[in-house]
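Peer 1: Next one to model:
(one chain, ligands or ions: 1)
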Amino acid sequence: MASGGDGAEASGGRRVLVVGGGIAGLGAAQRLCRHPAAQHLRVLEATACAGGRIRSERRFGGVVEVGAHWIHGPSQGNPVFQLAAEYGLLGEKELSKENQLVETGGHVGLPSVCCTSSGARVSLELVAEMASLFYGLIDQTREFLHATETPVPSVGEYLKKEISQQVTGWTENEETRKLKLAILNTFFHVECCLSGTHSMDLVALAPFGEYTVLPGLDCTFSGGYQELTNCIMASLPKDVMIFNRPVKTIHWNGSFREGTFPGETFPVLVECEDGSRLPAHHVIVTVPLGFLKEQQNTFFDPPLPAEKAEAIRKIGFGTNNKIFLEFEEPFWEPDCQLIQVVWEDTSPLQDTAPSMQDAWFKKLIGFLVLPPFGSVHVLCGFIAGLESEFMETLSDEEVLLSLTQVLRRVTGNPQLPAPKSVLRSCWHSAPYTRGSYSYVAVGSTGDDIDLLAQPLPVDDSSTQLQILFAGEATHRTFYSTTHGALLSGWREADRLIGLWDLQSQQPRPRL
Ligand SMILES: Cc1cc2nc3c(=O)[nH]c(=O)nc-3n(C[C@H](O)[C@H](O)[C@H](O)COP(=O)(O)OP(=O)(O)OC[C@H]3O[C@@H](n4cnc5c(N)ncnc54)[C@H](O)[C@@H]3O)c2cc1C
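Peer 2: Residues are numbered from 1 along each chain as shown. Next comes the predicted model:
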């Protein structure tokens, strides 16, 4: 076992490795590199670029967000907003007081148009009525925050129970009642996209209200979200980032020696896929929960304590993908921002298990109209869950064909020209992500998030803070967001700095 007297202090610095160059890892590195004790700091990133789930691609003559899209709750309490403002990445409107004061409750705004699968337009009044019912019920779930007992385990079951009661009071004709249920079904799918889950039946009811919504009207980066991670990266010393260096196994609680550091022993040794072995005093792990779920058995040696391993299994991590379609001519009105799609004859109250091949696209919630890139017009569709994962297995041509058929149906125009091209995200297949973001699943609570965030080792008899955990899934109230990820990186950097500052104040033993 390594002891505290590992010679590092004599050499004047601590070797810190950050695994993962997403916003959590970059945030941690930025804070650490300002501290004199972190003289040997490296960020090991598996892929060829930084940003992780913040990924902006130059396509269609503009920039599209393959990963994170909005700053959720852009206001003073949001560190991503603050940092983006500092770097001058936001426009006047986004920075305005007015924008920062808007309270959305975290709910998606109403669509500009709502179309059914048979090409009919749904009255926006009816959509607004269903939105108010649905989001009213979502807000009610807060009542169960920290409740020891809930009437049902999941958000989905709660919503369905309440909706079933409401339905009995609906006095409209059969056709309208069915349409109302189909609209509600789309809202369930919207909520699946927000929670990154296959079904709201998988999302735990009691802790659901712990997710905190900040004020501010969600905003975007005109030059791409990745400008933010690029700016953070540019502030780091040149040799800090190491790309194309996937970590295979983190050996910890050891006493490792490496030829490059004669006379020194280290409690942690990071073994990379390319065979390189990097010793460290501290490692901050920021890899996505999806990667941990798949790889935790081989990623840590010795394995994680049972409680932490269980937390990794219990916390939810699902898929939400985007499908971009390029058009030469828009078929929508100039002021249209969001096209909602409602599949007739669907209902949240009926469990169906449709064949994926024939019906995956029915999970699509509709399309966001992106601001035009010159003469190019782009729609961005959102799709969550198993259908989204199935979509990843199809070819671009198959996706384009299916969505052309969907658009022809919902516009009622069988001659609608096919989109010129398609670009989609495939976050479930991405080997270093394995999904989109985390949620608190049935059977887990916010305590599991805190457990995941707890550094190792847990006892203080061995060298402290060998492995620290950051990343969106470790933030109890802002999980699934970029600001949660950034705050988690800062939290772990501060934890290390706290330890070093404490150690530097302690008198050294006399020899
Ligand atoms: C489709 C989509 C839409 C989203 N929309 C929004 C939004 O609008 N607003 C918002 O706030 N959030 C959004 N999010 C969530 C947000 O993107 C994430 O919460 C945040 O970016 C996560 O940051 P992170 O640093 O925790 O993880 P990541 O960004 O995933 O970074 C982890 C890094 O670790 C690397 N890595 C993994 N394994 C290894 C290994 N073995 N060795 C070395 N490196 C490794 C990965 O390559 C990656 O770069 C969205 C996410 C997706 C997928």
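Peer 1: Only C-alpha atoms from now on, for both contacts and neighbour counts.
Peer 2: OK.
Peer 1: and the end-to-end length of stretch 193-207?
Peer 2: Criterion CA to CA, to the nearest Å; first-to-last residue distance in stretch 193-207 is 18 Å.
Peer 1: touching the ligand at all, that stretch?
Peer 2: No. Using CA under 6 Å from any ligand atom, stretch 193-207 stays clear of the ligand, with a minimum separation of 8.3 Å.
Peer 1: That stretch - what's its average pLDDT?
Peer 2: For stretch 193-207, the mean per-residue pLDDT is 97.
Peer 1: How far does that stretch sit from its chain's centre?
Peer 2: Relative to its parent chain, stretch 193-207 has a centroid offset of 14 Å by CA atoms, centre = their mean, to the nearest Å.
Peer 1: Report the buried residues of it.
Peer 2: Neighbour counts over stretch 193-207 (16 or more other CA atoms under 10 Å) mark 193-207 as buried.
Peer 1: Could you list the low-pLDDT ranges of the chain?
Peer 2: Counting by pLDDT under 70, the chain has low-confidence residues at 1-12, 508-511.
Peer 1: State which helix of it is the longest.
Peer 2: helix 482-505 (DSSP state H).
Peer 1: Give the buried residues for that helix.
Peer 2: 482-493, 496-497, 500.
Peer 1: One more: stretch 436-450?
Peer 2: 436-446, 448-449.
Peer 1: what does the longest helix of the chain contact?
Peer 2: Helix 482-505 is contacted by residues 23-29, 31-32, 35, 37, 68, 71, 78-80, 284, 286, 465, 468-475, 477-479 when judged by CA atoms under 8 Å, 6 or more residues apart in numbering.
Peer 1: Save the buried residues of stretch 436-450 as CSV, and put in secondary structure and distance to residue 355 too.
Peer 2: Listed next are the buried residues of stretch 436-450 as CSV, based on DSSP: H, G, I helix; E, B strand; the rest coil; distance: CA to CA, whole Å:
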residue, secondary structure, distance to residue 355
436, coil, 23
437, strand, 25
438, strand, 26
439, strand, 26
440, coil, 28
441, strand, 25
442, coil, 26
443, coil, 28
444, coil, 30
445, coil, 33
446, helix, 35
448, helix, 34
449, helix, 35
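Peer 1: which one of these is nearest the ligand?
Peer 2: The closest of the buried residues of stretch 436-450 to the ligand turns out to be residue 436 (CA to the nearest ligand atom; 3.8 Å).
Peer 1: In this structure that closest one contacts residue 318, no?
Peer 2: Yes. Counting by CA atoms under 8 Å, residue 436 touches residue 318, with 5.9 Å between them.
Peer 1: shared neighbours, the two?
Peer 2: Residues within reach of residue 436 and of residue 318 at once, by CA under 8 Å, 6+ apart, are residue 196.
Peer 1: For residue 137, give me its contacts.
Peer 2: So residue 137 contacts 159, 162 (CA under 8 Å, 6+ apart).
Peer 1: what kind of secondary structure is it in?
Peer 2: Three-state call for residue 137 (DSSP: H, G, I helix; E, B strand; the rest coil): helix.
Peer 1: same check, this time on residue 73
Peer 2: Assignment for residue 73 (three-state DSSP): coil.
Peer 1: just residue 379 next, same as before
Peer 2: strand.
Peer 1: Kindly state the beta-bridge partners for it.
Peer 2: Here residue 379 sits in beta bridges with residue 325, residue 369, going by DSSP bridges.
Peer 1: Residue 324 is in contact with that one, correct?
Peer 2: Yes. Counting by CA under 8 Å, residue 379 touches residue 324, with 5.6 Å between them.
Peer 1: Please list all residues in contact with the closest residue to residue 181 other than its chain neighbours.
Peer 2: Excluding its sequence neighbours, the residue lying closest to residue 181 (CA to CA, 6 or more residues apart in numbering) is residue 347, at 5.0 Å. By CA under 8 Å, 6+ apart, residue 347 lies in contact with 178, 181-182, 184-185.
Peer 1: Which helix or strand contains residue 347?
Peer 2: In this structure, residue 347 is located outside every helix and strand according to DSSP states H and E.
Peer 1: So that it lines up with my notes, have the first residue be 338 from now on.
Peer 2: OK, 338 is where the count begins now, so the last one is residue 684.
Peer 1: Is my assumption valid that residue 417 occupies a position in a strand?
Peer 2: No. Counting by three-state DSSP, residue 417 is not part of a strand but helix.
Peer 1: quick one on the thing from earlier: next, give me the two most distant ones among the buried residues of stretch 530-544.
Peer 2: 530 and 543 (19.8 Å; CA to CA).
Peer 1: Pretty sure residue 401 sits in a helix.
Peer 2: No. Counting by three-state DSSP, residue 401 is not part of a helix but strand.
Peer 1: Next, count neighbours for residue 644.
Peer 2: Around residue 644 there are 12 other residues, counting by other CA atoms under 10 Å.
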